[in-house]
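In: coordinates only, no sequence provided:
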């Protein structure tokens, strides 16, 4: 697609496609509205309505992320593993109408080369292991690209802060890929709680069946050959060097401290998001954890993390407790016998002074507890705009020059909360709450914990 300027009106008004799609001016001065009939005509998709997108990471979740943005123009695909790339291009579920676009898209192993060469890219998706999210997104942001990053947003707290600050400064449209936030259930939970359906909430419990990958183990000692199809150095990115092993990629990287963020970082973005949004949480006052065995290389098999939050406006202080690895909160007597808590993947339980609200993974199927309370409740009015989907919402926000609901100003704070929990796991031997000063970004009572707020990058990598 050409990026040259086009005459958009009989008066000679000229504006480039990138200027139209970008938000540098619109965020401050309001969106310039150009009638669709001027640009595209009835029944046609106007050039200015089509984004050029580069996708970093094509395997696993990357596949569905690419499919979800294929209503626009996917011009470049990037993956460090040629096997993953070949698998995506041959995927039996690829929509035939989009396959020619995928075949035509330029292919890369190195995201830096992709961004440097493909000058026409407007936006990128980032669907890679957690430890590389920040460096990829930051380069794109600094080049003025809009960015969609799969959850969790980053690998460290400092990365969270720097990425959110950069996105705000560049005035790009950002989104984190926690798709449950776009669901109907997430909105109903907010509307019911804000309506006072269960009164003031002072307690919330969140649990998941993860991890479903190995954790609590030592790093492998054998050193197999790196597959010829994999750029291991590029896969490692900013992480400290270690020899290749299939225990790390392509799937089980989530369980290793150097690459993933464990069960809390994986599913917290979907489950903790429900109370984070509905209870208007921000920086916690404290965080404390206990867990099963963990190693210097790998997260524990199971853990409990407890956060304490101050009052927020008219909302009272609240304690939120996270459980994973098969651990769950005590079952309240109000839940009917035989009724499942959440679903097979996990759930959330809000405890208010006038009742309880429970939902399944991703905020699905919210119900007041017991069911008699649900039947008696006069539903609150729907006041939150409904979402077309986490990806669609991001694409529409770019074209309209507006914020998306999980842009980095929101998702950074949510991610930071999860990452603080992982630090609490590492510091649990001190048997104390970690007191957190969110404004100063530091633990005030255990300074040695602050070393985990960031990590040292390998030479050649930086934000």
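Out: Structure received. Bear in mind the structure is a predicted one, so any value in this text is a computation, not a measurement.
In: distance of the residue nearest to residue 428 when sequence neighbours are not counted relative to residue 350?
Out: The shortest distance from residue 428 to any non-neighbouring residue, by CB to CB, 6 or more residues apart in numbering, is to residue 289 (5.0 Å). For every residue, glycine as well, the C-beta is placed using N, CA and C. Separation of residue 289 from residue 350 (CB to CB, to the nearest Å): 22 Å.
In: which of the two has more residues huddled nearby?
Out: Of the pair residue 289 and residue 350, residue 350 is the one with more neighbours under other CB atoms under 10 Å, namely 29 against 23.
In: let me see the contact set for the more buried one.
Out: 189, 193, 198, 201, 203, 204, 275, 278, 279, 356, 357, 358 (CB atoms under 8 Å, 6 or more residues apart in numbering).
In: before we move on, what about residue 362?
Out: 179, 180, 183, 185, 186, 270, 271.
In: closest to residue 389 out of those residues?
Out: Top of the list for closeness to residue 389, among the contacts of residue 362 and by CB to CB, is residue 179 at 7.4 Å.
In: which residue sits closest to that closest one, ignoring its sequence neighbours?
Out: With CB to CB, 6+ apart, the residue lying closest to residue 179 is residue 390, at 4.4 Å.
In: so for residue 53, what's the pLDDT?
Out: Here the pLDDT value assigned to residue 53 is 98.
In: specify the beta-bridge partners of it.
Out: Bridge pairing for residue 53 (DSSP bridges) gives the partners residue 74, residue 123.
In: can you check residue 208 too?
Out: Listed by DSSP bridges, the beta-bridge partners for residue 208 are residue 346.
In: that one touches residue 346, doesn't it?
Out: Yes. At 3.7 Å, residue 208 and residue 346 qualify as touching, with contact defined as CB atoms under 8 Å.
In: need the overlap of contacts for these two.
Out: 267, 271, 361.
In: rewinding a little: which ones among the contacts of residue 350 lie within helices?
Out: Among the contacts of residue 350, the members falling in helices (DSSP state H) are 189, 193, 275, 278.
In: in the stretch 51-200 of the chain, which spans are strands?
Out: All strands of the stretch 51-200 of the chain, identified by DSSP state E, counting those that start in this stretch, fall at 52-56, 73-78, 106-108, 123-126, 146-150, 174-177.
In: give me whichever of these is most buried.
Out: Comparing the strands of the stretch 51-200 of the chain by mean neighbour count (mean count of other CB atoms under 10 Å), strand 174-177 comes out on top with a mean of 29.
In: in its sheet, what does that strand sit against?
Out: Sheet pairing of strand 174-177 (DSSP bridges) gives strand 146-150 (parallel).
In: got the contact list for the partner strand?
Out: Contacts for strand 146-150 (CB under 8 Å, 6+ apart): 21, 23, 51, 57, 61, 65, 69, 122-128, 133, 137, 140-141, 167, 172-177, 391, 394, 398.
In: center of this protein - which residue?
Out: Residue closest to the mean C-alpha point of the chain, counted by CA atoms, centre = their mean, is residue 151 at 2.4 Å.
In: let me know whether it touches residue 181 as I believe.
Out: No. Under the criterion of CB under 8 Å, residue 151 makes no contact with residue 181, lying 9.5 Å away.
In: next, the angle from the helix ranked longest in the chain to strand 146-150.
Out: The residue-count maximum for a helix in the chain (DSSP H) belongs to helix 408-426. Taking axes from the mean of the first three to the mean of the last three CA atoms, to 10 degrees, helix 408-426 and strand 146-150 form an angle of 30 degrees between their directions.
In: ok so, going back, quick check: chain neighbours aside, which residue is closest to the residue nearest to the centre of the chain?
Out: Distance criterion CB to CB, 6+ apart; nearest residue to residue 151, sequence neighbours excluded, is residue 269 at 3.5 Å.
In: just the element for that neighbour, please.
Out: Using DSSP states H and E, residue 269 falls within helix 262-271.
In: which residues does residue 129 contact?
Out: Per CB under 8 Å, 6+ apart, neighbours of residue 129: 235, 249, 253, 254, 259, 260.
In: need the max-distance pair from those residues.
Out: 235 and 254 (14.3 Å).
In: that older thread, and the gap between the residue nearest to the centre of the chain and residue 264?
Out: 11 Å.
In: and the helices in the stretch 1-150 of the chain?
Out: Along the stretch 1-150 of the chain, counting by DSSP state H, counting those that start in this stretch, helices occupy 17-21, 26-29, 36-39, 61-68, 82-89, 99-104, 111-117, 133-142.
In: make TSV out of those helices and add mean neighbour count and mean pLDDT.
Out: Below are the helices of the stretch 1-150 of the chain laid out as TSV (neighbours: other CB atoms under 10 Å; pLDDT from 0 to 100):
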stretch	mean neighbour count	mean pLDDT
helix 17-21	19	39
helix 26-29	13	35
helix 36-39	13	33
helix 61-68	19	97
helix 82-89	17	97
helix 99-104	13	97
helix 111-117	18	98
helix 133-142	23	98
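In: so what's residue 227 closest to, chain neighbours aside?
Out: Nearest to residue 227 is residue 83, by CB to CB, 6+ apart, at 7.3 Å.
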